[in-house]
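Asks: Everything below, folded, please.
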Amino acid sequence: MKAKPGQQASIRELALELGVSTATVSRALNNHPSVSPDTRARVLELADQAGYMPRVGQRFRNVVGLAYPSNPVMPEFGSFESAMLGGVMKGLDADRYDLALIDIHRDKHRDESYTQFFRRKGVRGVIIRPVSPEPTIAETIAEEGFPCVMVADRSDHPNLGFVCSDSGRDSYRAVDHLIHLGHKRIALVCHAVLDSDHRDRIEGYRRALQDHGIETSPETELFLPASMEGGAEAIDRLLSLEDPPTALFITNPVPTVGALHRCLELGIRVPDDLSIMGFDDSNARSRTYPRYSAVCQNAEQFGYDAARWLTRRLEGTETGVLRVHRPTTLQFNRSTGPVPAKAIRLASNKSDIVRVEFPKRPRK
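Replies: Numbers count the residues shown, from 1 in each chain. Next comes the predicted model:
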């Protein structure tokens, strides 16, 4: 039984083909425990071949999934997810599609393909948001031929389309700017999950230092959770070094805010005592004191581009594989300034009470 162009198979047709009841087919499609593994496998295989999709009433569902291969949205993702989601909803609205949030890790059964899984979920296509170092699940989905597009990461797989940022160039320019302000000891604070975009940011940071003859050092490269606590920890660890940095390049918005907050707690003046160059997905930089300088990407545009292409693909007006590299911008605000005469250094006594060793400041 093969899918007919422009038509969708029904549960009744699947039941007739397999010689079982419609109730058995329905239970198999919904992974009911009363169905034997052999029967479930037969039903899923035929449903896959026939292009079965669930119905709501007598209408097929125009639903696209936003699929997370592993853990879904976490607090440390900051404003990226909400901004991207806003763009997805705008992109789906043009063709009157709805959105379903899907947790692949939690809901997919081992004995079903990704195509079978998404059809059981009632979605016609998926926007994949990987939050792991390698987009292997997204590549497998693309290999199966299920309509999909990946957002905020990229892949060389010939069947996998994506929308991502090109942040390496502006990461280089951000560090180059700090060097031209006189900073030689510049630290990197990066998310511990190294997807392609974060690898670009690391490469831009290192290349800028190397082009100016400044050696990179493992002690000034921290890979931490992209959280408020991660930003605060970066301040504590980096400024406790014997030779602390005078500037930081932080590759995510939330730890940038966390670092600025920790500086306020310790009485460290940004940028007089320490310069901080951050990253922003929306408008976090305008909500801090001081407003921080940042490499900026438009997460809302990522979501919009992905959703518009996917709905057009499902409507038959778009073909091929989407490959979009969105440029970032570099915005200078009030968190970066000339190198101080002496670096700020943290120290702790035996009671673990942190104190700040400030250089002597001339009285006015």
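Asks: Point out where the stretch 201-350 of the chain drops to low pLDDT.
Replies: Applying pLDDT under 70 to the stretch 201-350 of the chain flags residues 348-350.
Asks: Report how many residues lie close to Tyr289.
Replies: Number of residues near Tyr289 (other Cβ atoms under 10 Å) recorded here: 11. (Each C-beta comes from the backbone N, C-alpha and C, glycine too.)
Asks: Asn283 now?
Replies: Residues near Asn283, counting by other Cβ under 10 Å, number 11.
Asks: Then the one 3 residues further on?
Replies: Counted with other Cβ under 10 Å, the neighbours of Ser286 add up to 12.
Asks: all helices for this protein, in order.
Replies: Applying DSSP state H to the chain gives helices spanning 11-18, 22-29, 37-50, 80-93, 104-107, 114-121, 136-144, 168-180, 196-211, 228-238, 253-266, 299-315.
Asks: Nearest to Ile186, out of those?
Replies: Distance to Ile186, taken as Cβ to Cβ, is lowest for helix 168-180 among those, at 5.4 Å.
Asks: where's that closest one relative to the chain centroid, distance-wise?
Replies: Offset of helix 168-180 from its chain centre (Cα atoms, centre = their mean, to the nearest Å): 22 Å.
Asks: One more: stretch 193-211?
Replies: Using Cα atoms, centre = their mean, the offset of stretch 193-211 from its chain centre is 16 Å.
Asks: Adding mean neighbour count and distance to His325 as columns, could you present the helices of the chain in JSON lines?
Replies: Compiled in JSON lines, the helices of the chain are given as follows (neighbours: other Cβ atoms under 10 Å; distance: least, Cβ to Cβ, whole Å):
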{"stretch": "helix 11-18", "mean neighbour count": "17", "distance to His325": "42"}
{"stretch": "helix 22-29", "mean neighbour count": "19", "distance to His325": "39"}
{"stretch": "helix 37-50", "mean neighbour count": "17", "distance to His325": "33"}
{"stretch": "helix 80-93", "mean neighbour count": "21", "distance to His325": "16"}
{"stretch": "helix 104-107", "mean neighbour count": "14", "distance to His325": "26"}
{"stretch": "helix 114-121", "mean neighbour count": "21", "distance to His325": "26"}
{"stretch": "helix 136-144", "mean neighbour count": "19", "distance to His325": "17"}
{"stretch": "helix 168-180", "mean neighbour count": "21", "distance to His325": "10"}
{"stretch": "helix 196-211", "mean neighbour count": "19", "distance to His325": "10"}
{"stretch": "helix 228-238", "mean neighbour count": "21", "distance to His325": "27"}
{"stretch": "helix 253-266", "mean neighbour count": "23", "distance to His325": "21"}
{"stretch": "helix 299-315", "mean neighbour count": "22", "distance to His325": "11"}
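Asks: can you tell me which of those comes nearest to Phe332?
Replies: With Cβ to Cβ as the measure, helix 168-180 is the member of the helices of the chain nearest Phe332 (7.1 Å).
Asks: what comes into contact with the closest one?
Replies: Contact partners of helix 168-180, identified using Cβ atoms under 8 Å, 6 or more residues apart in numbering, comprise 186, 200-201, 203-205, 207-209, 211-212, 214, 247, 249, 251, 275, 277, 293, 295, 327-330, 332, 336.
Asks: out of the helices of the chain, which comes closest to Ile344?
Replies: Minimum separation from Ile344 across those (Cβ to Cβ) falls at helix 253-266, 8.6 Å.
Asks: on that earlier part again, turn the helices of the chain into JSON lines, columns for distance to Thr288.
Replies: Shown next, in JSON lines, are the helices of the chain (distance: least, Cβ to Cβ, whole Å):
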{"stretch": "helix 11-18", "distance to Thr288": "55"}
{"stretch": "helix 22-29", "distance to Thr288": "50"}
{"stretch": "helix 37-50", "distance to Thr288": "50"}
{"stretch": "helix 80-93", "distance to Thr288": "17"}
{"stretch": "helix 104-107", "distance to Thr288": "34"}
{"stretch": "helix 114-121", "distance to Thr288": "39"}
{"stretch": "helix 136-144", "distance to Thr288": "33"}
{"stretch": "helix 168-180", "distance to Thr288": "17"}
{"stretch": "helix 196-211", "distance to Thr288": "20"}
{"stretch": "helix 228-238", "distance to Thr288": "11"}
{"stretch": "helix 253-266", "distance to Thr288": "5"}
{"stretch": "helix 299-315", "distance to Thr288": "18"}
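Asks: So which of those is nearest Ala284?
Replies: In terms of Cβ to Cβ, the element of those nearest to Ala284 is helix 253-266, at 4.4 Å.
Asks: and the closest one, C-alpha only, in CSV?
Replies: Extracted C-alpha coordinates of helix 253-266, given in CSV (Å, rounded to 0.1, in the frame of the first residue of the first chain):
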residue,chain,number,x,y,z
PRO,A,253,23.3,36.7,27.3
VAL,A,254,22.4,35.1,30.6
PRO,A,255,25.9,34.6,31.9
THR,A,256,26.7,38.1,30.7
VAL,A,257,24.0,39.4,33.0
GLY,A,258,25.2,37.1,35.8
ALA,A,259,28.7,38.5,35.5
LEU,A,260,27.5,42.1,35.6
HIS,A,261,25.4,41.4,38.6
ARG,A,262,28.3,39.8,40.4
CYS,A,263,30.4,42.8,39.7
LEU,A,264,27.8,45.0,41.3
GLU,A,265,27.8,42.8,44.4
LEU,A,266,31.6,43.0,44.7
